[in-house]
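Trainee: Quick one: sequence and predicted model below, then my questions.
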Amino acid sequence: MAQLDGKKVAFLLTDGFEDSELTSPWEAVTGEGATATLVSPKDGSVEGKNGHSQAVDLAVASASAEDFDALVLPGGVVNADHLRMDEASVAFAGAFFDQHKPVSVICHGAWILTEADAVRGRTLTSYPSLKTDLVNAGATWVDEEVVVDQGLTSSRTPDDLDAFNAKTIEEISEGQHTGQSR
C-alpha cells in the first residue's frame, strides 16, 4: 500500500509556473497513491515558463478545500503574482488553513499565502526575494532547504525539490494538523 492511497491533493496554479515545481511534486504524490487535481482560475490548460502544458481539471471558482486532503502551490513569478490577485484562488488557499490541512509551497508560491493572511506567526522559506514580503506579513523567514511548520511545508527553489517532495508526502500522510490555521 502506498503512503498516500486515497488522498486527494489539489495543485493551484496558472500560466507562468515553474515547470519542475509542478511536475516533480505531482509525480511524487501520485507515485505514493494520491489523486492529484490541477485547480486554476484559467480554463483549458496552463503553460509553464519552460513550456510544460497541462490540462486544468477544475476551475478554482467551483473548487472547495473540503474536497481535498492537501494543497500544493508551485512557484514561478508570473504564476504566483496572478494567483495572489485572484480572489477565488486566495480564498481557496486560505480555506486549507482554516480546515487544518497540509499546504506545501515552493519558491514564489508563498505570495498567495500573504494575501490569504496565512503566514503570520509561521516560520517558512521561499525564493529569497520574497523575504521582505513574508516578514512584513508576520512570518519568520529562514534560508533553509525545507521548513515544516504545523503542516505548512516550504522550500526555496527547484534545487530543493527532493527534500520538498519528501516532506510534502510526510505531512499529507499525517493528515490534519491542529496548529495549521490562520
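Mentor: Okay, I see it.
Trainee: Would you list the phi and psi of the residue positioned nearest the centre of the chain?
Mentor: The centre of the chain sits closest to residue 73, judged by C-alpha atoms, centre = their mean, with a distance of 2.1 Å. The phi and psi values for residue 73, taken as degrees, to the nearest 10, are phi -120, psi 100.
Trainee: ok, now which ones touch the closest residue to residue 156 other than its chain neighbours?
Mentor: Nearest residue to residue 156, sequence neighbours excluded (C-beta to C-beta, 6 or more residues apart in numbering): residue 125, at 5.3 Å. Quick note: C-beta positions are derived from backbone N, CA and C, even for glycine. Contacts here follow C-beta atoms under 8 Å, 6 or more residues apart in numbering; on that basis residue 125 touches 141, 142, 143, 144, 145, 146, 147, 154, 155, 156.
Trainee: Which of these fall within strands?
Mentor: Here DSSP state E is the test, and these give 141, 146, 147, 154, 155 as lying in strands.
Trainee: Quickly check those residues for the two that are furthest apart.
Mentor: 141 and 146 (13.8 Å; C-beta to C-beta).
Trainee: Got the confidence number for the residue nearest to the centre of the chain?
Mentor: You'll see residue 73 listed with a pLDDT of 98.
Trainee: for the record, mean pLDDT for the helix or strand where residue 10 lies?
Mentor: Assigned by DSSP states H and E, residue 10 belongs to strand 8-12. Summarised as a single mean, pLDDT over strand 8-12 is 98.
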